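Undergrad: I'll drop the sequence and a predicted model, then ask my questions.
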Amino acid sequence: MVTTLTNANFEAEVTNSDKPVLVDFWASWCGPCRMVSPIVDQIAEEYTSIKVGKVNVDDEGALAERFSVMSIPTLIVFRNGQEEKRIVGARPKEDLVKALGL
């Protein structure tokens, strides 16, 4: 399951999560984001040991700014509420799974 992340629920869903969290910063007008989105959805379905969330940077500019997201798609892996890895740009599924340590 993919959770839509907002400024209001970010702490509860990501910072306080007991599981690793993959966060996809994206926008609807971004071509590479549209390529990565189905891959992120697949990972959410296949790996129940993690949480997956998406941040629409057009709607949640403050979150994008908070994590210094300059280019999209940017995918960040959080563990214990802390940023562990950052992937910028469209990447194949294998790269994302490897970044998560799965």
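TA: Structure's in. What do you need? Note that the structure is a prediction, hence the values are computed from the model and not measured.
Undergrad: nearest the geometric middle of the protein, what residue?
TA: residue 23 (1.5 Å; Cα atoms, centre = their mean).
Undergrad: for that residue, which residues are in contact?
TA: 5, 14, 52-55, 75-78 (Cβ atoms under 8 Å, 6 or more residues apart in numbering). Where C-beta positions appear, they are placed from N, C-alpha and C, glycine not excepted.
Undergrad: now intersect the residues you listed with the helices, please.
TA: Counting by DSSP state H, no part of those is found in helices.
Undergrad: residue 102 against residue 52, yeah?
TA: No: Residue 102 lies out of contact with residue 52 (Cβ atoms under 8 Å); the separation is 11.8 Å.
Undergrad: between those two, who's got more neighbours?
TA: Comparing residue 102 with residue 52 by other Cβ atoms under 10 Å, the one with more neighbours is residue 52, at 23 against 13.
Undergrad: not counting residues beside it along the chain, what's closest to the residue of the chain most remote from its centre?
TA: Largest separation from the mean C-alpha position in the chain: residue 29, at 17.2 Å (Cα atoms, centre = their mean). Using Cβ to Cβ, 6 or more residues apart in numbering and skipping residues adjacent in sequence, the residue nearest residue 29 is residue 58, 8.0 Å away.
Undergrad: neighbours around that neighbour, how many?
TA: For residue 58, the number of neighbouring residues by other Cβ under 10 Å comes to 13.
Undergrad: ok so the residue nearest to the centre of the chain is a helix residue?
TA: No: remark: residue 23 does not belong to a helix; assigned using DSSP: H, G, I helix; E, B strand; the rest coil, it is strand.
Undergrad: who's it bridged to?
TA: Beta bridges link residue 23 to residue 53, residue 76, judged by DSSP bridges.
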